[in-house]
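>>> give me coordinates for this.
(2 chains)
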Amino acid sequence: MPLSKDEVRHVATLARLGLEEGDEEFYAHQLSGILGHIDRLQQLDTEDIPPTAQVVEVASRLREDEPRPSLTQEEALANAPAAVDGSFRVPAIQEEA
Amino acid sequence: MTSSDLTELGIKEASRLLRLGSISASDLVTAHVERIERLDSHVKAYLRFTPELWEKQADEADRRIRQGDAPPLAGIPLAVKDVLCVRGVETTAGSRILRGFKPPYTGTAVARLFEAGAVMLGVTNCDEFAMGSSTENSGYFPTRNPWDLDRVPGGSSGGSAAAVAAGEAMIALGTDTGGSIRQPAALCGVVGMKPTYGRVSRSGLIAFASSLDQIGPLTRSVDDAAVVLSLMSGLDPLDATSSDRPGMEVLNNFGGGVKGMRLGVPREYYDVKGIEAGVKSAIDAALAVLRIAGAEIVDVSLPHTDYGLAAYYIIAPAECSSNLARFDGVKYGLSEVDAPNITDEYLQTRRKGFGTEVRRRVMLGTYALSSGYYDAYYLKAQKVRTLIKRDFDEAFKHCDAIVSATSPTVAFPIGSKTQDPLSMYLCDVLTLGGNLAGLPGISVPCGTSDGLPVGLQVLGPQWGENVVLRVARAYEEASEVRAEVASVV
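Coordinates of the predicted model:
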């Protein structure tokens, strides 16, 4: 199933990927080619087949809910592009009232 | 012993010389650093070096050796793929978006090798976020194949494979999501092993596709791969999918040979589309060696092989689109903090930070998970994953291990597949089934085609690392094919 330029724009918005000039056409073409290969999955009858999300059987493990050492606030913020007063700085997401 | 001899050693011989006092850990480091200085401007295996670590760790190794309580990897020079976090060492997953990121902790697999005495030389190049089969998708520069500098080393762990092949490290760590350890090992003529999913903790691994990713060793012998794997395996409370099986079980009956073993050759792998004649004849010769060594070679079938790539290219991109959502310019790495609002900050950061292949896969995965397409793509692919897993379960009823080529082709020229993503994806057609089914697999050198290395892949049932290693070691011994150090220039 070929992907349209509109669909590329929609998917890029969902994925928060900014597009550049010519990207829509480029990715529409390439992703359509890959999806063309992937379409062969539809040939298989999988009506009664359960999906596999986790391939190895691992039992869930629980632990005591006890405080343990963790990163300090300083360590957690050490890689932040912008930090203010012990917090990550981001552009405002709300207008002032 | 000259310094070039020191860069050709394996763990066992190096450890013997270290314990005899004939060489020191510092001598080993110096020999490797000299070789790197001479060759790495050609090979470009490394992204960055860690002199503070290697000095400290080599001194510590020498001290422990003098005291007579040296741990098993004391003084062994190690290269680490740029997706494994090491405290304080810039780790970027081959991506511009993580430039400058210095992890606040060391991942479990690396930490265990450090505890075992390994000496870290540096960080190796890879495809961005481990997405690729040639290391050409690195956000920095392509790595070159030490056997032919105009060709790719494979990928995504191409830097690690090239470093080991060029004698720029004795051992290296890679990660394998669809073949990213085994395929570059094959193309560079070294040994590379992907463990059973859950054998090695993924804590501290920058995630690509969490249900497929595994960390494993690249080395120049099966012995070395087995030792490194055993030391980094085992339960880790920081990874809920890590198994509590003891790491040392991978060595069970390691030297037992293949006499009386049944080795399955899947006809779909043997005659896979696009397999080169030279690769096929190297595999035929390897099968003959295994037969003479006492193995019974039997035909098996993996009937859903033709659907593996399609299922993989839904599942892996879907998982990556979710995992890579964390790169938002807020917590670490590249950031367009001057954007007028938060959405623009995300859009601009991710446009500047991610390369073409990563963007392609994030979009593919987002599409497959998006409203209206989930059942047709993601759910369907997960069901096909079940069929592929069942194929292997059925095959292992008839054989102890599966043998095939690792890659349908030898190393290809740089630039020859970059314009056609599907042709690049097909590099992994013989390896990605092992990831979808969670199996252990190894690639060992099995000769050459037109002067370029060919790899033999051995796949085992889940938790059958010991079987895989036993077959690989028996092949290595019987064939007398050994991973060699490339002279490069």
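
>>> please count neighbours and contacts with C-alpha atoms only from this point.
Fine.

>>> and the strands in the stretch 251-400 of chain B, which stretches?
Here the stretch 251-400 of chain B has its strands, by DSSP state E, counting those that start in this stretch, at B:262-266, B:296-300.

>>> so what pLDDT did residue 1 get?
By default, I'm working from chain A. At A:Met1, the model reports a pLDDT of 67.

>>> um, chain B though
pLDDT at B:Met1 comes out at 66.

>>> any idea how far the residue in the stretch 351-489 of chain B positioned nearest to chain A lies from B:Ser371?
Chain A sits closest to B:Lys383 of the stretch 351-489 of chain B, with a gap of 4.1 Å, by C-alpha to the nearest C-alpha. The gap separating B:Lys383 from B:Ser371 is 19 Å, by C-alpha to C-alpha, to the nearest Å.

>>> kindly report the same for B:Arg202.
30 Å.

>>> what about the residue located most distally from the centre of chain B? Give its phi and psi, please.
Within chain B, the residue lying farthest from the chain centre (C-alpha atoms, centre = their mean) is B:Pro340, at 41.4 Å. With angles defined as degrees, to the nearest 10, B:Pro340 sits at phi -70, psi -30.

>>> in space, what's closest to it - neighbours in sequence excluded?
Nearest residue to B:Pro340, sequence neighbours excluded (C-alpha to C-alpha, 6 or more residues apart in numbering or on different chains): A:Pro91, at 6.8 Å.

>>> which residues does the one you found contact?
Shown in contact with A:Pro91 (C-alpha atoms under 8 Å, 6 or more residues apart in numbering or on different chains): B:337-342, B:345.

>>> among the residues you listed, who's most crowded?
Most neighbours among the contacts of A:Pro91, by other C-alpha atoms under 10 Å in any protein chain shown: B:Glu345, with 23 neighbours.

>>> mind listing what it touches?
A:91, B:328-329, B:335-339.

>>> quick one, strands of chain A?
Assigned by DSSP state E, the strands in chain A fall at A:83-84, A:87-88.

>>> ok, B:Ile181 - contacts?
With C-alpha under 8 Å, 6+ apart, B:Ile181 has these contacts: B:155-157, B:161, B:174-175, B:192-194, B:216-218.

>>> got the residue ranges for the helices in chain A?
Ranges of helices in chain A, per DSSP state H, are A:5-14, A:23-38, A:73-77.

>>> export the ones you listed to a markdown table and tack on mean neighbour count and distance to chain B?
Output for these, formatted as a markdown table (neighbours: other C-alpha atoms under 10 Å in any protein chain shown; distance: least, C-alpha to the nearest C-alpha, whole Å):
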| stretch | mean neighbour count | distance to chain B |
| --- | --- | --- |
| helix A:5-14 | 17 | 6 |
| helix A:23-38 | 18 | 4 |
| helix A:73-77 | 14 | 6 |
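
>>> format those as CSV; extra columns: distance to B:Cys85 and mean pLDDT.
Listed next are the helices of chain A as CSV, based on distance: least, C-alpha to C-alpha, whole Å; pLDDT from 0 to 100:
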stretch, distance to B:Cys85, mean pLDDT
helix A:5-14, 29, 96
helix A:23-38, 32, 95
helix A:73-77, 15, 95
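
>>> hmm, back to that, quick one: closest of the strands of chain A to chain B.
Nearest to chain B among the strands of chain A is strand A:87-88; the distance by C-alpha to the nearest C-alpha comes to 6.6 Å.

>>> contact partners of the closest one?
Residues from elsewhere that reach strand A:87-88 (C-alpha under 8 Å, 6+ apart): A:77, A:80, A:82, B:330-331.

>>> list just the nearest of these to B:Ala111.
If you rank the contacts of strand A:87-88 by distance to B:Ala111 using C-alpha to C-alpha, A:Leu77 comes first, at 22.7 Å.

>>> make sure I have this right: B:Gln457 is in a strand.
Yes - counting by DSSP: H, G, I helix; E, B strand; the rest coil, B:Gln457 is located in a strand.

>>> confidence score at it?
98.

>>> these two touch, right, it and B:Val444?
Yes - the pair formed by B:Gln457 and B:Val444 meets the contact definition of C-alpha atoms under 8 Å, at 6.6 Å.

>>> who has more neighbours, those two?
A count of neighbours by other C-alpha under 10 Å puts B:Val444 above the other of B:Gln457 and B:Val444, at 33 against 28.

>>> wait, a strand at the more buried one?
Yes - counting by three-state DSSP, B:Val444 is located in a strand.

>>> would you mind finding the most buried of the strands of the stretch 251-400 of chain B?
When you average the neighbours per residue for each of the strands of the stretch 251-400 of chain B (mean count of other C-alpha atoms under 10 Å in any protein chain shown), strand B:262-266 leads with a mean of 23.

>>> helices or strands up against that one?
Packed against strand B:262-266, as judged by 3 or more C-alpha pairs under 8 Å, 6 or more residues apart in numbering or on different chains; DSSP states H and E, are the following elements: strand B:296-300, strand B:401-405.

>>> closest one to A:Val8 among those strands?
Shortest distance between A:Val8 and the helices and strands packed on strand B:262-266, using C-alpha to C-alpha, is found for strand B:401-405: 36.9 Å.

>>> returning to that earlier point: may I ask which of the contacts of strand A:87-88 has the most neighbours?
Most neighbours among the contacts of strand A:87-88, by other C-alpha under 10 Å: B:Val330, with 24 neighbours.

>>> quick one: the residue most central in space within chain B and chain A, what's the gap?
In chain B, the centroid-proximal residue (C-alpha atoms, centre = their mean) is B:Ile181; its distance is 2.1 Å. Noted for B:Ile181: a distance of 19 Å to chain A, by C-alpha to the nearest C-alpha, to the nearest Å.

>>> where in chain B is pLDDT low?
B:1, B:3-4 (pLDDT under 70).

>>> so which residue is dead centre in chain A?
Geometric middle of chain A (C-alpha atoms, centre = their mean) lands on A:Ala15, at 6.6 Å.

>>> what does the pLDDT read for that residue?
pLDDT, A:Ala15: 97.

>>> how close does it sit to B:Val43?
Using C-alpha to C-alpha, one gets 35 Å for the distance from A:Ala15 to B:Val43.

>>> now B:Val362
Taking C-alpha to C-alpha as the measure, B:Val362 falls 30 Å from B:Val43.

>>> also B:Pro440?
Distance, B:Pro440 to B:Val43, by C-alpha to C-alpha: 29 Å.

>>> still on that earlier bit, and B:Lys383 and B:Ser371? which has more neighbours close in?
More crowded of B:Lys383 and B:Ser371, by other C-alpha under 10 Å: B:Lys383, with 24 against 9.

>>> so the more buried one touches A:Asp48, yeah?
No - with contact defined as C-alpha under 8 Å, B:Lys383 does not count as touching A:Asp48 (9.1 Å).

>>> among the contacts of B:Ile181, who's most crowded?
Comparing the contacts of B:Ile181 by number of neighbours (other C-alpha under 10 Å), B:Ala161 comes first, having 45 neighbours.

>>> how much space between that residue and B:Gly247?
On the measure of C-alpha to C-alpha, B:Ala161 and B:Gly247 end up 23 Å apart.

>>> dump the residue contacts of B:Pro266.
Contacts of B:Pro266 by C-alpha under 8 Å, 6+ apart are B:299-302, B:402-404.

>>> just the buried members of those?
In the contacts of B:Pro266, burial by neighbour count holds for B:300-302, B:402-404, counting by 16 or more other C-alpha atoms under 10 Å in any protein chain shown.

>>> and A:Gln94, how many residues sit next to it?
A count of neighbours around A:Gln94, defined by other C-alpha under 10 Å, yields 7.

>>> need phi/psi at it.
Phi and psi for A:Gln94, reported as degrees, to the nearest 10, are phi -130, psi 150.

>>> and it, what is it in contact with?
Counting by C-alpha under 8 Å, 6+ apart, A:Gln94 makes contact with nothing.

>>> local confidence estimate at it?
For A:Gln94, the model assigns a pLDDT of 78.

>>> list the buried residues of stretch B:426-440.
For stretch B:426-440, using 16+ other C-alpha under 10 Å, the buried residues are B:426-440.
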